[in-house]
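Asks: this one's structure only:
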């Protein structure tokens, strides 16, 4: 059946030049441009002065950001949008600009320089993976991602109903910034948190625990998640943003280790980007698989049936899923 839709190369060129979007956003964050505009610098001369930049560069960058939808322009004056005011001004408690240091870090981005080669092989080289204990990018990640993860941490605490759970022992695996376990400790004054991660990263979690007033009930257990002895007797294990780095067999083996650390009736809470079974929706979780192709030897974005199968094969019983506000889903299973 004929249609009136005409072919256009717009998407091709927009995608081909996508690197400019990243560069523009990174430059604006580095210059504190969004903060300056939020503080009242609205014209090119005023923004130029506040950001210590050139007028030509400032004008072109601001116009480009306006086209992207990150700024508004009226009669030559620029304003923040609701999104940029919330997430890109340093005056906002939800500021996400720090995530650029991880998400656009050279160690992360360089893997996409030869994506065709990765597609041909089906994997990056193992020695090219940024998933390693000595890589400082993970400390950067831990410090940068707190504002982005806080809404999820609070939602998880609500879903798990930890506030009235009484004395509980919680294992926070690959804890990173530690906010998932720390939030539970804040909600439940009888909760004891054991955070497990590499030594350098645990320093960040410990710092955050002290800042949030739960250091006395927050301890660290350094080591590789696949090798470290967690002990036993846990009521809850947190496995957040971790399984996607590995293949199904490796994930299942790790989940068996988690199950062994839990009490009978204990729960594991898995936070992941979970695409639908068609693997092309919703957009963000579906596209996350590309990040894993370019950054890990065998990682992926797993569907709910795949995660359920892993959990069942690891010895867990009932499995429930809880979509969070945003692109992630919490999957809870009981031993």
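Replies: Perfect, thanks for sending it. Bear in mind that the values here come from a model prediction, so they are computed numbers and not experimental data. Numbering: from 1, shown residues only.

Asks: Flag every buried residue along the longest strand along the chain.
Replies: The longest strand of the chain (DSSP state E) is strand 262-272. Buried residues in strand 262-272, counted by 16 or more other C-beta atoms under 10 Å: 262, 266-272. From N, CA and C alone the C-beta is placed, and that goes for glycine too.

Asks: now stretch 238-254
Replies: Within stretch 238-254, the residues that qualify as buried are 238-246, 248, 250-254, counting by 16+ other C-beta under 10 Å.

Asks: contacts for it?
Replies: 131, 149, 152, 156, 170-176, 180-181, 184, 225-226, 255, 258, 268-273, 288, 292, 296, 298-302, 306-307, 310, 313-314 (C-beta atoms under 8 Å, 6 or more residues apart in numbering).

Asks: do that again at 6 Å, thanks
Replies: 131, 172-174, 180, 268-272, 292, 296, 298-299, 310, 313-314 (C-beta atoms under 6 Å, 6 or more residues apart in numbering).

Asks: How far does it stretch from one end to the other?
Replies: 12 Å (C-alpha to C-alpha, to the nearest Å).

Asks: quick one, domains of this protein?
Replies: The chain breaks down by automatic domain parsing into domains covering 11-89, 120-334.

Asks: Could you say which of those domains is packed most deeply?
Replies: domain 120-334 (a mean of 18; mean count of other C-beta atoms under 10 Å).

Asks: which secondary structure element contains residue 332?
Replies: In this assignment (DSSP states H and E), residue 332 forms part of strand 329-334.

Asks: Mind listing the strands that strand pairs with, and their directions?
Replies: strand 262-272 (antiparallel), strand 319-323 (antiparallel) (DSSP bridges).

Asks: which residues touch that strand?
Replies: Outside strand 329-334, the residues that touch it by C-beta under 6 Å, 6+ apart are 156, 159, 267-271, 274, 307, 311, 316-323.

Asks: now do stretch 11-22
Replies: residue 104.

Asks: mind redoing it with 8 Å?
Replies: Residues outside stretch 11-22 that contact it (C-beta under 8 Å, 6+ apart): 64, 68, 104.

Asks: Select from those every entry located in helices.
Replies: Secondary structure from DSSP state H places 64, 68 of those in helices.

Asks: Take the contacts of stretch 11-22 and write them to TSV, including distance to residue 42.
Replies: What follows is the contacts of stretch 11-22, written out as TSV (distance: C-beta to C-beta, whole Å):
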residue	distance to residue 42
64	17
68	18
104	27
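
Asks: Any chance of CSV for the contacts of stretch 11-22, columns pLDDT and distance to residue 138?
Replies: CSV is the format used below for these (pLDDT from 0 to 100; distance: C-beta to C-beta, whole Å):
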residue, pLDDT, distance to residue 138
64, 98, 32
68, 97, 30
104, 87, 15
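
Asks: who are the neighbours of the helix or strand of the chain with the lowest mean pLDDT, in terms of helices and strands?
Replies: Across the helices and strands of the chain, mean pLDDT, DSSP states H and E gives its lowest value to helix 137-144, namely a mean of 74. Judged by 3 or more C-beta pairs under 8 Å, 6 or more residues apart in numbering; DSSP states H and E, the packing partners of helix 137-144 are helix 100-103, helix 199-211.

Asks: ok, and what's touching the longest one?
Replies: Judged by C-beta under 8 Å, 6+ apart, the contacts made with helix 199-211 from elsewhere in the structure are 133, 136, 138-139, 142-143, 146, 172, 175-179, 181-182, 185, 193, 195, 197, 215, 218, 220, 222.

Asks: Go through these and flag which are in helices.
Replies: Among those, the members found in helices (DSSP H) are 138-139, 142-143, 146, 179, 181-182, 185.

Asks: and residue 240, how far is that from residue 211?
Replies: Distance, residue 240 to residue 211, by C-beta to C-beta, to the nearest Å: 19 Å.

Asks: so where is the stretch 101-250 of the chain shaky, pLDDT-wise?
Replies: For the stretch 101-250 of the chain, residues meeting the criterion pLDDT under 70 lie at 126-136.

Asks: now the strands: where do they sit in the protein?
Replies: 71-74, 77-80, 168-173, 191-197, 218-222, 234-240, 262-272, 319-323, 329-334.

Asks: nearest to residue 24, of those strands?
Replies: strand 71-74 (10.8 Å; C-beta to C-beta).

Asks: pLDDT of the closest one, averaged?
Replies: Mean per-residue pLDDT for strand 71-74: 98.

Asks: so residue 281 touches residue 275, yeah?
Replies: Yes: when contacts are counted by C-beta atoms under 8 Å, residue 281 is listed as touching residue 275 (6.8 Å).
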